[in-house]
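Q: What shape does this take:
(one chain, ligands or ions: 1)
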Amino acid sequence: MESLTGSILVVDDNAVIQQVMKLALEQYGHHVTLASDGHEAIELMHAHFFDLILLDIMMPTMSGFQVLEYMAKEPELAAVPVIVVSADSQIDSAIRCIQLGAEDYLVKPPNQTLLRTRVNTSLRKKFLHDQEQAHQAEMEQMYEAVKAANVAKTEFIAMAAHELRNPIAQLATTNHLLSRVGPLNEKQEELLEKINFSLERMKALIVDLDDISRLETGSIRLELKQLDLKQLILKIAESIEHDLREHKHTLDIKIPGDLPAAWADRERMIQVLTNLLGNAIKYTPDNGEIVITAVHEKQHQAIHVTIQDTGLGIQAKEQQRVFSKFFRSEDSDVRDRPGTGLGLFITKSLIEKQDGHIWFDSKYGEGTAFHFTLPIAPEVPEDKMGMETAVSSR
Ligand code: ADP
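A: Residues are numbered from 1 along each chain as shown. Have a look, this model is predicted:
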């Protein structure tokens, strides 16, 4: 075993034993300090840093027991290892010292090999412990630094979203006025429409950034109420009819009439469903099939909603990052479509804030199914009894 050297305090009222141990320890390269009783030892411990204490038990004025009791109560001394050095007849006392926190014991006068080995073992443990402490302190520092950087970034996002709001609103108004000041030719109309489209995207991005800063600072407010998910899904399906038609997708909605009410925030669920359905439409080549199902999972007291598409799918190597902020697939088919990579991050946070779960399964080139659950409302209204419905639109 490799020999370690350290700073050792030898506490013994017997000057001969002190000298014997000092000589033996210095021979192995340790730095040795001597104390003749408990009081002197404690004074030295507060003034210097020791890696190990070799402690006699029976000493005048303050015994080894009292030193151990004192050390246990002092946070800066509690971790310093102690080896008790006791007379042959004091084995019971040595055991008591171990109960009081001493690490090991040696019989007086210590055998050289035993002294060397036990000191080495204690120092090894002590150094490992010190390393661990230093590592933990470093990790804590890093964690604090990352937390501070994260707060600064969230504040920056909130500030940027806020500051961009006004100029964008002004641009939108100017754009609107432009079409009223005089007749525009076809090319001008076309350019204005492009500006409008970009403005809409910028507005959506600001809303997303605003949501992210609220989610990260915990300042988002949810109004949880009984929510008829079936009604909501049918309404949203109506609102996206135009997009479905444009891409020639079919939409099937399979929701039983007796689906219990969910316990959720209506506005936020519109946002979640619009994002998931919008993605299904956007990332599915024309003539795709989208299916929404919702079932009551009685064993979990939850409603399970699935939005399945026959679209591009997500490559296995990218699947782990799908819910990360700003994730967008490397796939050129995805990159050709507009997007910010914020929608699913927000969607996941919103679902989880409502005590639900969200996940997906996807096969590249075949399609994706996003699933989420929501808790059912504490009371189920009576008018929820009915038949399974299937709505289809093209
Ligand atoms: P955005 O659509 O604005 O890029 P999202 O956060 O909604 O942002 O989605 C993140 C990424 O996840 C998308 O860019 C896309 O790569 C992938 N994705 C999301 N939904 C689907 C889907 N239904 N099919 C295939 N890929 C999807």
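
Q: ok so Q226 is a helix residue?
A: No: under DSSP: H, G, I helix; E, B strand; the rest coil, Q226 falls outside any helix and is assigned strand.

Q: wait, isn't it in contact with A377?
A: Yes: between Q226 and A377 a contact is recorded at 4.2 Å, counting by C-beta atoms under 8 Å. Using the backbone N, CA and C atoms, a C-beta is placed for each residue, glycine as well.

Q: any shared contact partners between these two?
A: Common neighbours of Q226 and A377, using C-beta atoms under 8 Å, 6 or more residues apart in numbering, are 261-263.

Q: Of those residues, just say which sits nearest to D333.
A: The nearest member of the shared contacts of Q226 and A377 to D333, counting by C-beta to C-beta, is A262 at 33.7 Å.

Q: For the closest one, give me its contacts.
A: With C-beta under 8 Å, 6+ apart, A262 has these contacts: 226-227, 229, 269, 303, 374-377.

Q: Helices - which of those land there?
A: 229, 269 (DSSP state H).

Q: The contacts of A262: which two are farthest apart?
A: Most distant of the contacts of A262, by C-beta to C-beta, are M269 and I376, 13.8 Å apart.

Q: residue ranges of the strands in the chain, please?
A: Remark: strands assigned in the chain by DSSP state E are 7-11, 31-35, 52-56, 82-86, 104-107, 225-227, 250-255, 262-264, 289-297, 302-308, 358-363, 367-375, 389-393.

Q: Reformat those strands as TSV; add distance to V151 and mean pLDDT.
A: Shown next, in TSV, are the strands of the chain (distance: least, C-beta to C-beta, whole Å; pLDDT from 0 to 100):
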stretch	distance to V151	mean pLDDT
strand 7-11	42	97
strand 31-35	45	97
strand 52-56	43	96
strand 82-86	44	92
strand 104-107	47	90
strand 225-227	32	96
strand 250-255	42	97
strand 262-264	29	97
strand 289-297	38	98
strand 302-308	34	98
strand 358-363	26	98
strand 367-375	29	98
strand 389-393	46	35
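
Q: And those strands: which comes nearest the ligand?
A: strand 367-375 (4.0 Å; C-beta to the nearest ligand atom).

Q: Poorly predicted segments of the stretch 1-150 of the chain, please.
A: Under the criterion pLDDT under 70, the flagged ranges of the stretch 1-150 of the chain are 1-2, 88.

Q: Point me to the residue of it nearest the ligand.
A: For the stretch 1-150 of the chain, C-beta to the nearest ligand atom, closest residue to the ligand: N150, 19.6 Å.

Q: out of everything not next to it in sequence, what's closest to that residue?
A: By the measure of C-beta to C-beta, 6 or more residues apart in numbering, the closest residue to N150 outside its immediate chain neighbours is E216, 7.5 Å from it.

Q: Domain-wise, how is the chain divided?
A: 7-110, 140-217, 221-392 (automatic domain parsing).

Q: Which among these is found nearest to Q131?
A: Nearest of these to Q131, taken as C-beta to C-beta: domain 7-110 at 12.5 Å.

Q: Need the per-residue pLDDT for the residue nearest to N150.
A: Predicted confidence (pLDDT) for E216: 87.

Q: and if you look at the one 3 residues further on?
A: Model confidence at S219, given as pLDDT, is 87.

Q: For it, give its distance to the ligand.
A: As for S219, its distance to the ligand is 22 Å (criterion: C-beta to the nearest ligand atom, to the nearest Å).

Q: again, but for A169
A: Distance from A169 to the ligand, by C-beta to the nearest ligand atom: 22 Å.

Q: burial count for that residue?
A: Look at A169: counted by other C-beta atoms under 10 Å, it has 12 neighbours.

Q: Could you do L77 as well?
A: L77 - counted by other C-beta under 10 Å - has 18 other residues nearby.

Q: now do the one 10 residues further on
A: A count of neighbours around A87, defined by other C-beta under 10 Å, yields 14.

Q: likewise L350?
A: Residues within reach of L350, counting by other C-beta under 10 Å, total 23.

Q: can you check Q131 too?
A: Neighbours around Q131, by other C-beta under 10 Å: 10.

Q: and the gap between it and E74?
A: If you measure Q131 against E74 using C-beta to C-beta, to the nearest Å, the figure is 22 Å.

Q: and what of A102?
A: As for A102, its distance to E74 is 15 Å (criterion: C-beta to C-beta).

Q: Same drill for those two, tell me which one is more crowded.
A: Between A102 and E74, counted using other C-beta under 10 Å, A102 has the larger neighbour count: 24 against 12.
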